[in-house]
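Engineer: got a predicted structure plus its sequence, pasted below:
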Amino acid sequence: MPKLKRRHLIALPALASLAVLASCTPSNPQSTFDALGPVAESQLLLFQVIFWAGVVVFVIVMAALIYISVRYRAREGDGDPEQIHGHKGMEIGWSIAPAVVLLIVAPWTIYTIFANENSPLPPEEGGLVVEATGHQWWFEFRYKVQDRVSEEVVTANELHIPVGEPVNVDLVSKDVIHSFWVPKLAGKVDMVPNNDNGLWMQADEAGVYAGQCAEFCGVSHANMRFTVIAQPPDEFDAWLREQAAPAAEPTEATPLIRLGHDVFVTRFGRETPADEDVQGAGCNACHRIEGTSARGTSGPDLTHFASRATFAAGSMDNTAEYLRSWLHSPEEMKPGNVMSRDGEVFNSPTGLTEVQISALIAFLRSLE
Amino acid sequence: MTMPSLAIPRPVHPTGVWGWVTTIDHKRIGILYGVTAFVLFVIGGVEALVMRAQLVQAELDVVSPEMFNQLFTMHGTTMIFLAIMPMGAAFFNYVIPLQIGARDVAFPRLNAFSYWTFLAGAIMLNGSWFLGGAPNAGWFGYAPITGAAYNPGHGIDFWIMSLQILGIASLAAAFNFIVTILNMRAPGMTLMRMPLFTWMTLITAFLLVLAFPVITVALIELMFDRFFGTNFFVPGAGANPILWQHLFWVFGHPEVYILILPAMGIVSEVLPTFSKKPLFGYPVVVLSGLIIGFMGWMVWSHHMFTVGLGPIANSVFTITTMAIAVPTGIKIFNWLGTMWKGSITFSTPMLFSLGFITVFTIGGISGVMHSQAASDAQQQDTYFIVAHIHYVLFGGSIFALIAGIYYWFPKFTGRMYDELGGKITFWLVFAGMNLTFFPMHFTGLDGMPRRIYTYDSAMGWEFWNLTSTAGAALLAVGIAALIYNVVSGWVRGKQAPGDPWDARTLEWSMSSPPPEYNFAEIPTVTEVDDWWASKRRKDAAPVIAGASEDEGHSIHLPQPSYWPLVVSVGLLIGGYGLIYHYAVAAIGLAVSMVGVYAWSFEPVNDPDEGSGH
């Protein structure tokens, strides 16, 4: 038995380090090994220092355990071993050694805590501020009027930021606790009702970064995702200007788009102005589309819906096909969502009709 | 006596099932605790297996999201409150009186009450599956998602009631063990001659007494919010939901040590026995246990590093959390010192103890990793934490508890288990545990949050999730082997001698299983590991108690009683009453009151002894 044991235990650290190497998969969308901003980089560096210190400690303990197990295994004819009750020097040694290691690490971690707390470009110095609000189960992003934002912009599940610039994110929740996390840019901070939280982050490269709610928040917690889109500053400013404008009145709107608009803004059950055979769905009760009469605030702002790559809290690509499935049976796509729970039309026996769905898709996809 | 008419006679020498229902013998209560906790451990394990099936691949639909949330809530709550804690209690019950040279615990009927109340709590929690759905807000039940606005069903109510009932059981047991350990030690057994397991139990009992009132307060506030419309945790009314987190973790972190200190105690018994050497640095190990128990109160906010408490709070809790690694490390080094220059036999309890040291070291190191508030922001609420908690609670607590099951198996059952079967069990469980939980470090660092019922295949998490699920299947085989090994040993193992391991503490100084009265003659203790020393004294070979049948007839033992069970049943009825109808709660209260009253006036002695005391 001791022999078997010894081989296993020697193989264990080797296997573990192989597995560690194999697991460094920075290509994964939410890998913390691929830090692409200063906050995530400082966190990764600190983690690596502690990790390797931990590996050293583990190897020492295991080497001692294996050596002692093999060297002092019971043999035929062993008498009682000497009854050693302890050793003062050893006790002092192994009390001080770990304390020293920790004392070396401590200043570093405290430095990192404070460094990541304070934004290098706070709002008072002209830094961009975005207010991120957690809802069950989606993220709302609000760019209030400030230095570089001349008109308030509200969007959902897609956070645009300028690349290479610290961005301040105010974190707010309107219901339960959520957590804002973009692993490649910064560690998470919770969104807690009645608490003003915030973080700063910076993307060093242009690109799309995956984010996800990290605090359990109910049935569709797993589906509460978002993306951060880091753009060169001029592209970002252009994006802000586009978003600030009301939804472009579709100049050559097709009848289907007009019908979709009417379905959207007409109360559930009333016939629409565009076609008396088609009834309204009352989407405007919860959704806002700037430039139309839809002014609801409890659901995501859809003013520039067609400009977004995903919908339903980043869980689906924004294609006509997915949109059709979503409008047909939102509960299946995102269980527990408020729209299928509280939306009158989804509580009616028929739900949305095929005609209503086709019209809504045409309308939503016109909202560039 | 002024009120003899009030007394209902005690049950006289009941046998069979009735004997178990009315028992107040600490050994039988220990077995009840152990078997019940093991059944609940298996239930919690099945819940985990269903979750592993759901996560084996991306975008699966094995269970609904709501069911998944109930499963992880029940898995966590069950494993912590209904499996690990009561398995610890099983060992306290069976072993402590034997280790300190006592004939029973200080309050035998209170001890029975603790068990029945624990069972009531277990029924309350698991009954929720059949009464409209289990709790679904996680074992930590963060406000405000537990509030009536977000959680209108009864699931959370069952969770609250069950934890309150379990709290009563734990408090009663903790007081009982504090009094037992402090007052009922054999002559000569000073505190610094107590076996390590007894020491760790004493510290654990103090932690229980101090920690449970905190969660009790939090649960009462939550209950008032849900039942009577108060606003302790309702943000819309201005409440700060972080209050819950502070209360929960001020309880929750000491709770972690409530789960691990008894495990450390068990390992500190097994290593000396199988190394044939006394525990290295006994006073240091005791002191480090005390320091861990004390410092366990200063680290709770490391569960809240991402809540936004600010850099000063995060720095302070980083330092205190790192500091707690020092006494933990001291224990590990002293265990190695115990084996050093020993004569080591690798029996199953020893293998599980060595497995404990290995796996718990990994869990301890990952603990130091996320004591760093700054980098923990990347790990908090990910599978990295899931890996850590299972390395300390499965690799730590459960490994040590299994070591304890094997170590004391001959004492509990009077029979030997099959050694080869035990070794096979160890390797299955050890391999399964590491295969399940080690990959979770990787999925966590790869950005997989905890408590998600599904994930996108584009995330790249499928391979390690598949590995974890395969490990979970292997682990299930290991647990099945454990059950087979234990049951077959219990049924047809060969007769166990009183002291099969040439062990060191007093519980091995009597027959296996021990006679009802434990010690024919209360021993006098002169040193640590007194039993080991007395076996080697040249003058007199010690006598194993219980060797002859006619011994011990003159020993006075407390008699069985119905009333602890009645009080517990009243609590269970009362719990349901608070949820469904207050009239039922009044009935429950009445039943408990009758039980307490009758308990108080129960005659002290056997009626057939004719002594009015």
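Structural biologist: Yes, it's here.

Engineer: how many other residues sit next to whatever residue of the stretch 151-300 of chain B ends up closest to chain A?
Structural biologist: Residue of the stretch 151-300 of chain B nearest chain A, by Cβ to the nearest Cβ: B:Pro235 (3.6 Å). In this view, the C-beta of every residue, glycine as well, is placed from N, C-alpha and C. If you count neighbours by other Cβ atoms under 10 Å in any protein chain shown, B:Pro235 ends up with 22.

Engineer: ok, now the one 10 residues further on?
Structural biologist: Taking other Cβ under 10 Å as the neighbour definition, B:Gln245 ends up with a count of 24.

Engineer: please tell me how far it sits from A:Ala132.
Structural biologist: Distance, B:Gln245 to A:Ala132, using Cβ to Cβ, to the nearest Å: 21 Å.

Engineer: for B:Leu210, same thing?
Structural biologist: Per Cβ to Cβ, B:Leu210 is found 39 Å from A:Ala132.

Engineer: so these two - more neighbours on which side?
Structural biologist: Each of B:Leu210 and A:Ala132 has its neighbours counted (other Cβ under 10 Å); A:Ala132 has more, 23 against 16.

Engineer: tell me which helix or strand A:Gly134 sits in.
Structural biologist: Element membership for A:Gly134 (DSSP states H and E) is strand A:128-135.

Engineer: so what secondary structure elements neighbour the helix or strand following that strand?
Structural biologist: Reading on from strand A:128-135 to the C-terminus, the next helix or strand found by DSSP H and E is strand A:138-143. On a contact count with 3 or more Cβ pairs under 8 Å, 6 or more residues apart in numbering or on different chains; DSSP states H and E, strand A:138-143 meets strand A:128-135, strand A:153-156, strand A:158-162.

Engineer: got the contact list for B:Leu259?
Structural biologist: B:Leu259 sits next to B:80, B:84-85, B:88, B:393, B:396-397 when contact means Cβ atoms under 8 Å, 6 or more residues apart in numbering or on different chains.

Engineer: widest-spaced pair of those?
Structural biologist: Greatest spacing in these, by Cβ to Cβ: B:Met85 and B:Gly396 (13.9 Å).

Engineer: skipping its backbone neighbours, what lies nearest the residue in the stretch 1-150 of chain A positioned nearest to chain B in space?
Structural biologist: In the stretch 1-150 of chain A, the residue that lies nearest chain B is A:Gln30 (2.5 Å; Cβ to the nearest Cβ). Spatial nearest neighbour of A:Gln30, chain neighbours left out: B:Gly447 (2.5 Å); criterion: Cβ to Cβ, 6 or more residues apart in numbering or on different chains.

Engineer: tell me which of the contacts of B:Leu259 fall in helices.
Structural biologist: Assigned to helices by DSSP state H, the following of these qualify: B:85, B:88.

Engineer: tell me the one of the contacts of B:Leu259 nearest B:Ser114?
Structural biologist: Nearest to B:Ser114 among those is B:Met85, at 11.3 Å by Cβ to Cβ.

Engineer: contacting residues around the closest one?
Structural biologist: Counting by Cβ under 8 Å, 6+ apart, B:Met85 has contacts B:37, B:170, B:258-259.

Engineer: pull the longest helix from chain A.
Structural biologist: Looking across chain A with DSSP H, the single longest helix is helix A:38-71.

Engineer: how much does the next helix or strand after it deviate in direction from helix A:38-71?
Structural biologist: Remark: after helix A:38-71, the chain's next helix or strand is helix A:88-117, criterion DSSP H and E. For helix A:88-117 against helix A:38-71, the angle by axes from the mean of the first three to the mean of the last three Cα atoms, to 10 degrees is 160 degrees.

Engineer: so how far is helix A:88-117 off the chain centroid?
Structural biologist: Counting by Cα atoms, centre = their mean, to the nearest Å, helix A:88-117 is centred 32 Å from the centre of its parent chain.

Engineer: packing partners for that helix?
Structural biologist: helix A:38-71, helix B:311-323, helix B:325-339, helix B:373-376.

Engineer: since that was my last question, I'll sign off now.
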